[in-house]
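*Asks:* what's the 3D shape of this:
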Amino acid sequence: MIENFVSENKENTNQNYKLNLEPELKLKGFEGKQQRLPLPLYPKLAASVNSYQDKIIFSQEGRDFAFKINRQTGDKLKKVLIMMDGTSSLTKLQNIFSLNNPELINTLVRYLDENKLLDDAYDIEIESSLNTLLELEIFTNELLKNQVFQHNFRLIKPDSFDSQLNLIYGFTIEIYHFYSHKTYIDSSALSFPDSTEIRQLINQLYCKEYGQDRLLLEALNSIGINNEDLINTMPLPQTMAICNSLAYWASFDSLFYFSILGVLANQNIKNLTSYLQVCEGLKMDSSFLNPIKKLIGSQQNSEAKNIAHQIFQDIHRVDEQAKQRLKTQIHLFAEIYINFYNAIFDYYSDTNSFLRRVSAI
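*Replies:* Just a heads-up that it's a prediction; the model follows:
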C-alpha cells in the first residue's frame, strides 16, 4: 500500500507545486529498499496509470496492480507518475517533488522498478530532440512544398485585375482572421507545465507576434474596410479549422505545436511573399501594400524557427514512439493548412462579394 504518500508544500517560486513526499514509506513493501542501486536515470513508466476511489491502479499487459493511497494526496502522486515519461531525469523529479529529501523519490522509483513497472529511457536509443525536430521540419516541408495555392496565385495576370479583385482582398481578410487568432493560440501554450524556460520562450514569441493583425487591418482600412466590418464578417470554415486546430494542439499537445512553429512561420512568409509579388505586379496602391510589407518584415524577424529549436534543446529527449506520433499528426496539420489557403482561392475566385457578413445570414 502507498498510504499518506504525499503532502503539499506551497513554497514554490516557479509556479509549479513543490510536492514534499512524506516519509510514510515505512511499510513492509518499502522496507530495505532505500540503499539499493542503481536507479533508472530517466524513469519511464512501463504501465498505464488510473485511479479508482482510494487506489492507484497500474495496468500492464493484462495485469493490474492496485495500491491504496490517501484520497487527499492521490492527485499529487499522479503528478509524480505522469512526469515519469522518460523525458524527466531522476534528479529533476527529486528537485520538483522532494527537494529536501530526494531519497523519498528514490524509494518510489526503486519500488516501481523492482515490480517491473519502470523502464530506464536512458538505456533506450533516443535521438537528440533537436535532430528529431530537424527531421520533422524536413518531413513537414515536403508535404507542404507543392501546395496548390501558391501556384494558383502565380496564374493571376495584370490584365485580370478587375476579375480577381475579390480574391486579392479576400486573401487579406482571411489572413487577418488567422493572425487575429494567432496570439490567442500562442497564449494557450504559455501554461506548458514542464519547463519555466520553455514558457519564457513562448512568452517571447507571443510578445514579438502581438499586434501583427493590426498591419493587415491597416491595409484593409485603405480599401474602405474597417474593424466593425471585420467584426461582422465570418471567416471561412477552413480558416477557423486551422485556428481551432492550432489552439487545440497548443493547449493539449504542446510538443506537437512546438514542432510545427518554425515551419508554420516559414510557410506563412512564403505565401505572403507570393501574394505581395502578385499585388505589386497588379500595381496596387502603396497604402495597401506597405502594411503587408511590414508584416512580412516582422515575420522574418519573429525568430519563430530559432525559438522552436531552443525549445527542443530544452526538452532534451524524444523517443521513437513519440517521433512517430508527431509524424502522424503532421499529415493532419498539412492537410488542414493546405485546405486553409486553397479555400481562399476557391471561394473568393467565384464570388461577387468579399465580405461574408454575419448580418446577411
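*Asks:* Find the nearest non-adjacent residue to Asn352, please.
*Replies:* Distance criterion C-beta to C-beta, 6 or more residues apart in numbering; nearest residue to Asn352, sequence neighbours excluded, is Asn166 at 7.2 Å. For every residue, glycine as well, the C-beta is placed using N, CA and C.
*Asks:* Next up, the contacts around the spatially most central residue of the chain.
*Replies:* The residue lying closest to the centre of the chain (C-alpha atoms, centre = their mean) is Tyr257, at 2.4 Å. Tyr257 makes contacts with Ala189, Leu246, Trp249, Ala250, as judged by C-beta atoms under 8 Å, 6 or more residues apart in numbering.
*Asks:* ok, now Ser298?
*Replies:* With contact set as C-beta under 8 Å, 6+ apart, Ser298 has these partners: Lys208, Gln212, Leu215.
*Asks:* what packs against the helix or strand containing the last one?
*Replies:* When you say that, I think you mean Leu215. Using DSSP states H and E, Leu215 sits in helix 212-221. If you count contacts as 3 or more C-beta pairs under 8 Å, 6 or more residues apart in numbering; DSSP states H and E, helix 212-221 packs onto helix 165-188, helix 227-231, helix 286-300.
*Asks:* go again using 6 Å as the cut-off
*Replies:* Secondary-structure packing of helix 212-221 (3 or more C-beta pairs under 6 Å, 6 or more residues apart in numbering; DSSP states H and E): helix 165-188, helix 286-300.
*Asks:* most tightly surrounded among these?
*Replies:* Comparing those by mean neighbour count (mean count of other C-beta atoms under 10 Å), helix 165-188 ranks first with a mean of 20.
*Asks:* and it, what's its mean pLDDT?
*Replies:* Helix 165-188 shows a mean pLDDT of 88.
*Asks:* CA atoms only for it - export them in CSV, please.
*Replies:* The C-alpha coordinates for helix 165-188 follow below in CSV (Å, rounded to 0.1, in the frame of the first residue of the first chain):
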residue,chain,number,x,y,z
LEU,A,165,-10.1,41.9,-57.1
ASN,A,166,-12.3,39.9,-54.7
LEU,A,167,-9.5,37.2,-54.5
ILE,A,168,-6.9,39.9,-53.7
TYR,A,169,-8.9,41.5,-50.9
GLY,A,170,-10.4,38.2,-49.7
PHE,A,171,-7.0,36.8,-49.1
THR,A,172,-6.1,39.7,-46.8
ILE,A,173,-9.4,39.3,-44.9
GLU,A,174,-8.9,35.6,-44.2
ILE,A,175,-5.2,36.2,-43.3
TYR,A,176,-6.4,38.9,-40.9
HIS,A,177,-8.7,36.5,-39.2
PHE,A,178,-5.9,34.0,-38.9
TYR,A,179,-3.4,36.5,-37.4
SER,A,180,-6.0,38.0,-35.1
HIS,A,181,-6.3,34.5,-33.5
LYS,A,182,-2.6,33.8,-33.6
THR,A,183,-1.7,35.4,-30.2
TYR,A,184,-4.6,33.6,-28.5
ILE,A,185,-3.1,30.4,-29.9
ASP,A,186,0.4,31.2,-28.6
SER,A,187,-1.0,32.1,-25.2
SER,A,188,-2.6,28.6,-25.0
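*Asks:* Could I get the buried residue list for the helix or strand hosting the residue nearest to the centre of the chain?
*Replies:* Element membership of Tyr257 [criterion: DSSP H and E] is helix 254-281. For helix 254-281, a neighbour-count test (16 or more other C-beta atoms under 10 Å) marks 254-269, 271-276, 278-279 as buried.
*Asks:* still on that earlier bit, quick one: the helix holding Leu215 to chain centroid distance?
*Replies:* With C-alpha atoms, centre = their mean, to the nearest Å as the basis, helix 212-221 stands 26 Å off its chain's centre.
*Asks:* Now do that helix: everything it contacts.
*Replies:* Contacting residues not belonging to helix 212-221 are listed as Thr172, Tyr176, Tyr179, Ser180, Phe288, Pro291, Ile292, Lys294, Leu295, Ser298 [C-beta atoms under 6 Å, 6 or more residues apart in numbering].
*Asks:* re the thing from before, would TSV of the helices and strands packed on helix 212-221 with distance to Tyr52 be doable?
*Replies:* Formatted as TSV, these follow (distance: least, C-beta to C-beta, whole Å):
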stretch	distance to Tyr52
helix 165-188	31
helix 286-300	50
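*Asks:* quick one: which of these is nearest Ile138?
*Replies:* With C-beta to C-beta as the criterion, Ile138 lies closest to helix 286-300 of the helices and strands packed on helix 212-221, at 20.7 Å.
*Asks:* any idea which helix or strand comes after that closest one?
*Replies:* helix 304-315.
*Asks:* CA-only coordinates of that next one in PDB, if you can.
*Replies:* What follows is helix 304-315 as a C-alpha-only set of coordinates in PDB (Å, rounded to 0.1, in the frame of the first residue of the first chain):
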ATOM      1  CA  ALA A 304       9.900  31.500 -34.500                       C
ATOM      2  CA  LYS A 305      12.200  28.900 -36.000                       C
ATOM      3  CA  ASN A 306      15.000  29.700 -33.600                       C
ATOM      4  CA  ILE A 307      12.600  29.700 -30.700                       C
ATOM      5  CA  ALA A 308      11.300  26.200 -31.800                       C
ATOM      6  CA  HIS A 309      14.900  25.000 -31.900                       C
ATOM      7  CA  GLN A 310      15.600  26.400 -28.400                       C
ATOM      8  CA  ILE A 311      12.500  24.700 -27.100                       C
ATOM      9  CA  PHE A 312      13.600  21.300 -28.400                       C
ATOM     10  CA  GLN A 313      17.100  21.800 -27.000                       C
ATOM     11  CA  ASP A 314      15.400  22.300 -23.600                       C
ATOM     12  CA  ILE A 315      13.300  19.200 -24.000                       C
END
